[in-house]
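[1] Give me coordinates for this.
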Amino acid sequence: MPNLPPLTPLASFLAAARHGSFTRAAQELHVTHGAVSRAVRQVEEFFGFELFERRNRGIFLTDRGRTFAARVETLFAGLERACEELKAEPSSQRLSVSCEPTLAMRWLMPRLDDFHRAAPGAEVLLSTAGGPIDLSEQGVDLAIRRSDFAWPGRYHSQSLGREPVGPVCSPAYWAAHEHTSKQLLHTRTRPTAWTDWKGLSGQNPNADAEQFFDHFYFSLQAATAGFGLAIGPLPMVRDALAQNLLVAPYGFTTTPIDYVVITRRPPKPDSPAQAFITWLTQTLDLPRS
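    Residues are numbered from 1 along each chain as shown. Sure, this is the predicted structure:
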């Protein structure tokens, strides 16, 4: 392709154009300042004119450099989308799933065999993480998240239903503290959980002590062990309630937060991803938005 400049140096040119600095471009690409400078010079030599003005120890795009950088940016973005779409094409019945850690441990993992019976041949590769995710970078087909952050607009999302929450504790703890002051169990991963529930439910348990845990999972384990009252999302405590390991003396209040499935694009109707999403929606059985 004789009309194209050397393609590898274009990445260095684009990074330098974006940052207005060879040094910051080198940091982004994990190469040396000299490597970026030489790559840009290769592109300029192909055209026979400079794309940057070099003055006062800084670099500045020329008019032609600015026009070329904008077009290269568009082409690279299109290439990235094409790669994402190719990665998204199902090559088998294998499905890579990222799920909120506590939801995965307390609800999803105990039920995966049910999904495998409902969709014979499908294989779920489960990883745990919460919050923002780059599906392509992490090699994930779909992510199960709470809708408490903004994900890229290019992704497809589907609600699984609203999250009901309520205080939970062991039966023995409630028997001992129903008419006395209680200890509230907090988690640093959801620091406003109690405040949010009180505002939504209009209830305010009499409490004279608090205890903090680093993760939501630990606060629920502490409630099961009789330490006090913890805020429990219904899916994460449903099994413990059924086994009488926990009670929910104040009931559950539906929050404005949804559980969502995030994918690169809408799953095909006959795909393993769509079968999994349908099963999730039916099995979670949450209030709809």
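[2] ok, now which ones touch the residue lying closest to Ile144 once chain neighbours are set aside?
    In this structure, Ile144 finds its nearest non-sequential neighbour in Cys99, 4.3 Å apart by CB to CB, 6 or more residues apart in numbering. Just so you know, the C-beta spots here come from the backbone N, C-alpha and C atoms, and that holds for glycine as well. Contacts for Cys99 (CB atoms under 8 Å, 6 or more residues apart in numbering) come out as 108, 126-129, 143-144.
[3] so Cys99 bridges to which residues?
    Cys99 has these beta-bridge partners by DSSP bridges: Thr128, Ile144.
[4] sorry, back to before: highest neighbour count among the contacts of Cys99?
    The residue in the contacts of Cys99 with the most neighbours, by other CB atoms under 10 Å, is Ala143 (26 neighbours).
[5] contacting residues around that residue?
    Applying CB under 8 Å, 6+ apart, we find Ala143 in contact with 97-99, 129, 133, 135, 261-263.
[6] same thing with Ala35?
    By CB under 8 Å, 6+ apart, the neighbours of Ala35 are 12, 26.
[7] Flag every buried residue along stretch 222-239.
    Under the neighbour-count criterion of 16 or more other CB atoms under 10 Å, stretch 222-239 has 222-224, 227-238 buried.
[8] Then stretch 255-267?
    255, 258-264, 267.
[9] cool, stretch 111-120 as well?
    115, 119.
[10] Using TSV, please lay out the buried residues of stretch 255-267 together with secondary structure, distance to Leu14 and pLDDT.
    Below are those laid out as TSV (DSSP: H, G, I helix; E, B strand; the rest coil; distance: CB to CB, whole Å; pLDDT from 0 to 100):
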residue	secondary structure	distance to Leu14	pLDDT
Thr255	strand	43	96
Asp258	strand	37	96
Tyr259	strand	38	96
Val260	strand	33	97
Val261	strand	33	97
Ile262	strand	28	96
Thr263	strand	28	95
Arg264	coil	24	92
Pro267	coil	33	92
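[11] if you average pLDDT over the lengthiest helix in the chain, what comes out?
    Longest among the helix segments of the chain by residue count, using DSSP state H, is helix 63-88. Computed over helix 63-88, the mean pLDDT rounds to 81.
[12] Do you have the strands of the protein handy? List them.
    For the chain, the strands defined by DSSP state E occupy 52-55, 58-61, 94-99, 123-128, 142-146, 156-168, 182-187, 207-213, 229-233, 253-263.
[13] mind listing what the last one pairs with, with the direction of each?
    Counting by DSSP bridges, the strands paired with strand 253-263 are strand 142-146 (antiparallel), strand 156-168 (antiparallel).
[14] possible to save the ones you listed as CSV with distance to Ala104?
    Shown next, in CSV, are the strands paired with strand 253-263 (distance: least, CB to CB, whole Å):
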stretch, distance to Ala104
strand 142-146, 8
strand 156-168, 14
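[15] Enumerate every residue touching the residue of the chain most remote from its centre.
    What lies farthest from the middle of the chain is Gly48; by CA atoms, centre = their mean that is 45.9 Å. Residues counted as contacts of Gly48 (CB under 8 Å, 6+ apart): none.
[16] shift numbering so it begins at 56
    Got it, the first residue is 56 from now on, which makes the last one we talked about Gly103.
[17] okay, it: pLDDT?
    For Gly103, pLDDT reads 91.
[18] Now it. Its backbone dihedrals?
    For Gly103, the backbone dihedrals (degrees, to the nearest 10) come out as phi 90, psi 10.
[19] With Val86 instead?
    Torsion angles, degrees, to the nearest 10, at Val86: phi -130, psi -180.
[20] cool, Ser236 as well?
    Torsion angles, degrees, to the nearest 10, at Ser236: phi -70, psi 150.
[21] I'd say it and Leu284 touch.
    No: the criterion here is CB atoms under 8 Å, and Ser236 misses it with Leu284 at 10.9 Å.
[22] Touching both of these two, which residues are there?
    With CB under 8 Å, 6+ apart as the test, Ser236 and Leu284 both reach Ala262.
[23] Specify the angle between the lowest-mean-pLDDT helix or strand in the chain and strand 308-318 in degrees.
    Sorting the helices and strands of the chain by mean pLDDT, DSSP states H and E puts helix 118-143 at the bottom, at a mean of 81. Between helix 118-143 and strand 308-318, the angle comes out at 100 degrees (axes from the mean of the first three to the mean of the last three CA atoms, to 10 degrees).
[24] before we move on, back to that, pick the most buried one from the strands of the chain.
    Stretch with highest mean neighbour count among the strands of the chain: strand 284-288 (a mean of 27; mean count of other CB atoms under 10 Å).
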